[in-house]
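K.L.:
Take a look and give me a structure for this.
(4 chains)
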Number of protein chains: 2
Amino acid sequence: MVGVALRARDGRLEVLLPGGRLPEAQVGPREPLAAALARALDVAALAHVEQLETRLLRDGRLATAYLGLARADAKLGGDWRSELALPPDHAELVAAAQARLRAKLSYTNVGFALAPATFTISELRDVYVAALGHDVSATNLQRVLVRRGVLERVEGLRAPGRSGGRPAALFRFASNQLEVTDEFAALRPPQR
Amino acid sequence: MVGVALRARDGRLEVLLPGGRLPEAQVGPREPLAAALARALDVAALAHVEQLETRLLRDGRLATAYLGLARADAKLGGDWRSELALPPDHAELVAAAQARLRAKLSYTNVGFALAPATFTISELRDVYVAALGHDVSATNLQRVLVRRGVLERVEGLRAPGRSGGRPAALFRFASNQLEVTDEFAALRPPQR
DNA sequence: CGGGGTTTTAGACTCTGGGACGAAAACCGT
DNA sequence: ACGGTTTTCGTCCCAGAGTCTAAAACCCCG
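P.N.:
Presented below is the predicted three-dimensional model:
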């Protein structure tokens, strides 16, 4: 049981490393994985958790890796440093976690687990840029997510900063559970 | 360690059940998962194998499930019956395996693991129909897969059957390893 | 050998989702 | 009031994929 907790903040996709390493826990016999997971990760503080893969680590232990996502405004204990100093096993898991997240941002609503409860499109754009590692058009992001029903407008506006600008509309994710955009795929069923 | 081996044949997506149940194996301490997997599944006869999920079964054992795909013309020992008589745990795993396969048919080249080495578009279409569970246009299938570089023409034609028809061109998959169609996703990086 | 039935192939048309662009809206500070 | 900023809205455009029709190439049968 190894957990990779990620958070998009300050333009970067942080890896949460309490004590400078990935959190681990031993899973007992007949113990539900969720129980061991709760010992390793602060599950209550994570907006989304999903299983990654199970593999034999170099030290001989069999580990099931999990991906955890924290909202930018979540209160978390533990520090986070650069993940460059991790052992090779763990570094690979971090890479797998990041790849999984990047892929799912495109065809699911996982964004809900990274963004705060309410936000402007620009703020959401920053989250996506941090997680994806490339630029994203705010205009397109809004259109795509609204069209899919992933994003909802919410009452009110955010006042502009000191440098001015038009007040921004506020949005939220329509759901706080993972939902896959159905029929995002090629080779769809015939329409009639 | 539980294996779900699938094969697309006779218009159906069969579950290979040697002895009427899903193949299992106990994974020893410090044993690579691939080794235990080889004991459970006839890996050599499978064109593709990938991990599904790890879960606690109702009988208290911790099992890592695998998805295996067999080509339609593969020689396999063991019979296969309807999967309706499986225990609930295993039935769920079969459903997960089928769902995974259906999804990956859209954005990867997994088809290579279901189709024979060389085939006509109509034959490939039958494989896709069996796996996806809905109709597929042969014209579309060819255009999509060729455009992606997944399919290659190969020398020769297949003679028509007794009922006549134009001879069919032969194709093969360009690769026999899993490859993900990059940039199938929404929220692509900017193009310039 | 010619005609009707069958299967495959090729092309054109259309629709939709998403990227790019530019103008308008609404604010700031000076 | 004016220029600079940020957000929003609308339009254009393109690529990928679904649909359709006709042509190609074969079979069998009379």
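K.L.:
Quick check: mean pLDDT of the helix or strand where residue A:51 lies?
P.N.:
Assigned by DSSP states H and E, residue A:51 belongs to strand A:48-56. Taken as a whole, strand A:48-56 has an average pLDDT of 97.
K.L.:
If you count neighbours, what's buried in the helix or strand just after that strand?
P.N.:
Downstream of strand A:48-56, the first helix or strand assigned by DSSP H and E is strand A:62-70. Of the residues in strand A:62-70, A:62, A:63, A:64, A:65, A:66, A:67, A:68, A:69, A:70 count as buried by neighbour count, 16 or more other Cβ atoms under 10 Å in any protein chain shown. (Glycine included, C-beta is placed from N, CA and C.)
K.L.:
Show me which of those residues is closest to residue A:178.
P.N.:
residue A:69 (10.0 Å; Cβ to Cβ).
K.L.:
distance of the residue nearest to the closest one when sequence neighbours are not counted from DNA strand D?
P.N.:
Distances taken as Cβ to Cβ, 6 or more residues apart in numbering or on different chains put residue A:113 closest to residue A:69, at 3.7 Å, once the chain neighbours are dropped. From residue A:113 across to DNA strand D, the span is 22 Å (Cβ to the nearest atom of the strand, to the nearest Å).
K.L.:
for chain A, which spans come out with low pLDDT?
P.N.:
Low-confidence segments of chain A (pLDDT under 70): A:77-83, A:183, A:192.
K.L.:
just checking, what's the longest helix in it?
P.N.:
Looking across chain A with DSSP state H, the single longest helix is helix A:88-107.
K.L.:
can you tell me if whatever helix or strand comes next after that helix touches chain B.
P.N.:
Using DSSP H and E, the helix or strand that follows helix A:88-107 in sequence is helix A:121-132. Yes. Helix A:121-132 reaches chain B (Cβ under 8 Å from any Cβ of the partner chain) through A:128, A:132.
K.L.:
What helices and strands are in contact with helix A:121-132?
P.N.:
In terms of contacts (3 or more Cβ pairs under 8 Å, 6 or more residues apart in numbering or on different chains; DSSP states H and E), helix A:121-132 is packed against strand A:2-9, strand A:12-16, helix A:88-107, helix A:138-147, strand A:168-173.
K.L.:
Pull out the buried positions in that helix.
P.N.:
Per 16+ other Cβ under 10 Å, helix A:121-132 contains these buried residues: A:121, A:123, A:124, A:125, A:126, A:127, A:128, A:129, A:130, A:131, A:132.
K.L.:
One more: stretch A:179-192?
P.N.:
A:179, A:181, A:184, A:185, A:187.
K.L.:
mind putting those residues in JSON lines, secondary structure and distance to residue A:170 included?
P.N.:
Converted to JSON lines, the buried residues of stretch A:179-192 look like this (DSSP: H, G, I helix; E, B strand; the rest coil; distance: Cβ to Cβ, whole Å):
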{"residue": "A:179", "secondary structure": "coil", "distance to residue A:170": "21"}
{"residue": "A:181", "secondary structure": "coil", "distance to residue A:170": "23"}
{"residue": "A:184", "secondary structure": "coil", "distance to residue A:170": "27"}
{"residue": "A:185", "secondary structure": "coil", "distance to residue A:170": "32"}
{"residue": "A:187", "secondary structure": "coil", "distance to residue A:170": "38"}
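K.L.:
Let me have those residues in TSV, adding distance to chain B as columns.
P.N.:
Output for these, formatted as TSV (distance: Cβ to the nearest Cβ, whole Å):
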residue	distance to chain B
A:179	14
A:181	8
A:184	7
A:185	3
A:187	5
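K.L.:
Could you list which of those also contact DNA strand D?
P.N.:
Contacts with DNA strand D are made by residue A:187 out of those, judged by Cβ under 7 Å from any atom of the strand.
K.L.:
What parts of chain A come near chain B?
P.N.:
Within chain A, the positions near chain B by Cβ under 8 Å from any Cβ are A:27, A:29-33, A:51, A:53-56, A:60, A:62, A:64, A:103, A:105-107, A:128, A:132, A:134-137, A:140-141, A:144, A:184-187, A:189-190.
K.L.:
close to DNA strand C, is stretch A:154-168?
P.N.:
Yes. Stretch A:154-168 is in contact with DNA strand C by Cβ under 7 Å from any atom of the strand, via A:159, A:160, A:162, A:163, A:164, A:165, A:166, A:167.
K.L.:
Throw the helices and strands packed on helix A:121-132 into JSON lines and include mean neighbour count and distance to residue B:8, thanks.
P.N.:
Putting those into JSON lines (neighbours: other Cβ atoms under 10 Å in any protein chain shown; distance: least, Cβ to Cβ, whole Å) gives the following:
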{"stretch": "strand A:2-9", "mean neighbour count": "24", "distance to residue B:8": "35"}
{"stretch": "strand A:12-16", "mean neighbour count": "20", "distance to residue B:8": "39"}
{"stretch": "helix A:88-107", "mean neighbour count": "18", "distance to residue B:8": "24"}
{"stretch": "helix A:138-147", "mean neighbour count": "16", "distance to residue B:8": "34"}
{"stretch": "strand A:168-173", "mean neighbour count": "18", "distance to residue B:8": "37"}
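K.L.:
Let me have the ones you listed in a markdown table, extended by distance to residue A:46.
P.N.:
What follows is the helices and strands packed on helix A:121-132, written out as a markdown table (distance: least, Cβ to Cβ, whole Å):
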| stretch | distance to residue A:46 |
| --- | --- |
| strand A:2-9 | 6 |
| strand A:12-16 | 9 |
| helix A:88-107 | 13 |
| helix A:138-147 | 22 |
| strand A:168-173 | 15 |
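K.L.:
Mind checking the ones you listed for the one nearest to residue B:149?
P.N.:
Closest to residue B:149 of those, according to Cβ to Cβ: helix A:88-107, at 20.2 Å.
K.L.:
wait, does that closest one contact DNA strand D?
P.N.:
No. Contact of helix A:88-107 with DNA strand D (Cβ under 7 Å from any atom of the strand) is absent, the minimum separation being 13.0 Å.
K.L.:
Around DNA strand D, pick out the residues from chain A.
P.N.:
Contact residues (Cβ under 7 Å from any atom of the strand) of chain A with DNA strand D: A:120-122, A:138-139, A:142, A:160-161, A:163-169, A:186-188, A:190-192.
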